[in-house]
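1. got a predicted structure plus its sequence, pasted below:
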Amino acid sequence: MQLPSFGKLVLNALYYRTAAGAGSKLLSGGTIVAFDHDTGLFNIVRDGSLLVTDDRITTIFNTTSPNGIPENTEIVNCTNKIITPGFIDTHRHGWQTVFKTLGSNTTLGEYANRYSALVGLNLFTPSDIYISQLAGIHEALAAGVTTILDHAHHTWTRDHAAAGWQASVDSSARIFFAYTFQNTSTDFQVPQQMAHWRELAASAVPGLATLCISYDDFTGNPENITQAVVNLAKDDNVAVLTTHQVEGPWLLGNTPEDLNRVGILNSSVPVVISHTSFLTARGAQLLRNTNQHISITAESEMHYGHVHPSSHLILDQASLGIDTHFTFSTDILTQARIWLQRVRERFYSYTVVDLWEVPANNPMSVNQAFLLATRKGGLALGRNDIGIIAPSAKADLVVWDGRSPAMLGWTDPIAAVILHASVGDIEHVLVDGQFVKRDKKLVIEGYEDVQDRFLDSARRIQGVLKDTPLPQQTGTFLTGYPYGPVKQADVQRGDGTGYGPSYV
């Protein structure tokens, strides 16, 4: 495939890493959070070693100095370190990275009219999309996120869509690039987008990036358009199809019932439904019967207010995502921690508040939170070989500094990561057996150039938004439901003294 100009930036870096990283590596002397397929739980190997050959985990040893290691194997000293699978993010919009810090106090209503795919075309050139997507993925890699399902709704033109795809290909992360079929542009609508998707699929080179589909109009589009999307997904056996579902007063649809009605839920195509705010009991039953999954984006759903009243009841079919990382954390570790404590609080409240009883047990374990952040993400994407450390699994790995101030004194490695670590404690990250972060620094040749190009785009786009008045949240939202005032917290005495402005 001819490489577009916006992709030449990292071509040499990709060649360099592939040539330099081939062969085998032994991660020696660490505590390994391995996965046991028989029990579905973890097998903790202390003072063990992990052999990686090319892109796969070959062997897990119960010793720091195993025999029979291939010649010229690189030895990586992991003494006093914790080795875990890389985190899996099953919902993100990478193209929005340049908006960082502009939406610190935004709502979902304001987001729709200021930062969403509905309004992005006039702000972004294809080069802006490329560098924003690329920098955002690099940010995720640094945070130990090795796999991303990117809901790419920047598909306003062929060039914008291709730019995001090329950035994903160039990123060194495992990206499921879900090209969005949508009618946000009058000149490039779903039929033209489907044709472009087929072109990209036909010319794609096997690698870490996989072309997928996202579609948010199962409820609103004409049946023939929706059925054409479903037929494409099924006929091409796409790796994943994803959609947003936010009900309540948002009325965005795309419920499990909607997807089941058009024949995509009960198919061989893995389906990930993000948010699933106001999921019904019938929808949950459909997800279980078809073994399809949701993506809980805990921080997003709290930040924007589309909430998650029933997600804690369907954790057996759940995974974790980030959503709009320009507004908050980019790492799945934070999402796992927030969601763990949110579920605990939810179940505790029933016992303490409704029953006036003293809790006799903790309602959710750190093990369950870790599963959501790793293994469950792999299953949501239809992959049994990512999100785990096991023989033949992909070598997507994170190595944690067990002697950092935050982790010093740990005994339970999963608790150490979920409840005590930060992304600053990540020493190494490998994707497909190659280092993308080493000794706490990204291994990205030319990364300073990426930063400079990103900052140029960010300053220009942020400048436009700073000069654009905030949309008024009065009257009714797009769906016809009225905006309603929300009581604001104030940490200072007086009336309305503490909320303050946004310092952009």
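-> Yep, that arrived.
2. low-confidence regions, the stretch 1-150 of the chain specifically.
-> Residues of the stretch 1-150 of the chain meeting the criterion pLDDT under 70: 1-22.
3. cool, the chain as well?
-> Residue ranges of the chain with pLDDT under 70: 1-22, 496-498.
4. domain assignment for it?
-> 5-85+393-441, 87-380 (automatic domain parsing).
5. of those domains, which is nearest residue 480?
-> Distance to residue 480, taken as CB to CB, is lowest for domain 87-380 among those, at 7.6 Å. Where C-beta positions appear, they are placed from N, C-alpha and C, glycine not excepted.
6. how long is that closest one from one end to the other?
-> Domain 87-380 has its terminal residues 13 Å apart, counting by CA to CA, to the nearest Å.
7. oh, and call the first residue 609 from now on, that's how I've got it
-> Yes, from this point I'll number from 609; that puts the last item at domain 695-988.
8. from residue 936, how far out is residue 907?
-> Counting by CB to CB, to the nearest Å, the separation of residue 907 from residue 936 is 5 Å.
9. again with residue 845
-> With CB to CB as the criterion, residue 845 and residue 936 are 35 Å apart.
10. what lies in contact with the helix or strand where residue 902 lies?
-> Using DSSP states H and E, residue 902 maps to strand 901-904. Strand 901-904 has contacts (CB atoms under 8 Å, 6 or more residues apart in numbering) with 698-699, 757, 850, 878-884, 887, 895, 916, 919, 922, 925-929, 943, 947, 980, 984, 987-988.
11. list the buried residues for whichever helix or strand comes after that strand?
-> Using DSSP H and E, the helix or strand that follows strand 901-904 towards the C-terminus is helix 906-912. Across helix 906-912, burial judged by 16 or more other CB atoms under 10 Å covers 906-909, 911-912.
12. residue 840 - how many residues pack around it?
-> 18 (other CB atoms under 10 Å).
13. what's the separation between the residue nearest to it when sequence neighbours are not counted and residue 929?
-> Of all residues beyond its chain neighbours, the one nearest residue 840 is residue 802 (5.9 Å), with distances taken as CB to CB, 6 or more residues apart in numbering. With distances taken as CB to CB, residue 802 is found 25 Å from residue 929.
14. still on that earlier bit, okay, now the sheet partners of the strand holding residue 902, with direction.
-> According to DSSP bridges, strand 901-904 forms sheet pairs with strand 879-885 (parallel), strand 926-928 (parallel).
15. now those strands in JSON lines, with distance to residue 1026?
-> Supplementary listing: these in JSON lines, determined by distance: least, CB to CB, whole Å:
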{"stretch": "strand 879-885", "distance to residue 1026": "22"}
{"stretch": "strand 926-928", "distance to residue 1026": "12"}
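16. indicate which one of those strands is closest to residue 824.
-> For these, the distance to residue 824 is smallest for strand 879-885, at 9.7 Å, taking CB to CB.
17. could I get the CA-only coordinates of that closest one as PDB?
-> C-alpha atoms of strand 879-885 as PDB (Å, rounded to 0.1, in the frame of the first residue of the first chain):
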ATOM      1  CA  VAL A 879     -19.900  -7.100  19.400                       C
ATOM      2  CA  VAL A 880     -18.900  -4.500  22.000                       C
ATOM      3  CA  ILE A 881     -21.600  -2.100  23.200                       C
ATOM      4  CA  SER A 882     -20.100   0.800  25.000                       C
ATOM      5  CA  HIS A 883     -21.700   2.400  28.100                       C
ATOM      6  CA  THR A 884     -25.000   0.500  27.900                       C
ATOM      7  CA  SER A 885     -26.400   3.100  30.200                       C
END
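18. chain center to it: distance?
-> Between the centre of strand 879-885 and the centre of its host chain there is 13 Å, according to CA atoms, centre = their mean, to the nearest Å.
19. same deal with stretch 724-744?
-> 18 Å.
20. looking at residue 802 and residue 929, which is more packed in?
-> residue 929 (28 against 18).
21. can you get me a residue count around the residue lying closest to that one once chain neighbours are set aside?
-> Leaving aside its sequence neighbours, residue 929 sits nearest to residue 699 (CB to CB, 6+ apart; 2.9 Å). When neighbours are counted by other CB under 10 Å, residue 699 registers 28.
22. look up phi and psi at the nearest residue to residue 1045 once chain neighbours are set aside.
-> Nearest in space to residue 1045, with sequence neighbours left out and distances taken as CB to CB, 6+ apart, is residue 1037 at 3.8 Å. Here is the backbone geometry of residue 1037 (degrees, to the nearest 10): phi -130, psi 130.
23. what of the one 5 residues further on?
-> According to degrees, to the nearest 10, the main-chain angles of residue 1042 amount to phi -110, psi 140.
24. heading C-terminal from the helix or strand residue 976 falls within, find the next helix or strand.
-> Using DSSP H and E, residue 976 maps to helix 974-981. On the C-terminal side of helix 974-981, the closest following helix or strand by DSSP H and E is helix 983-988.
25. secondary structure class for the residue nearest to residue 840?
-> helix (DSSP: H, G, I helix; E, B strand; the rest coil).
26. need the residues that contact the helix ranked longest in the chain.
-> Using DSSP state H, we find that the single longest helix of the chain is helix 1055-1074. Helix 1055-1074 is contacted by residues 617-618, 705-708, 710, 722, 731-732, 735-736, 739-740, 742-743, 746, 1052, 1112 when judged by CB under 8 Å, 6+ apart.
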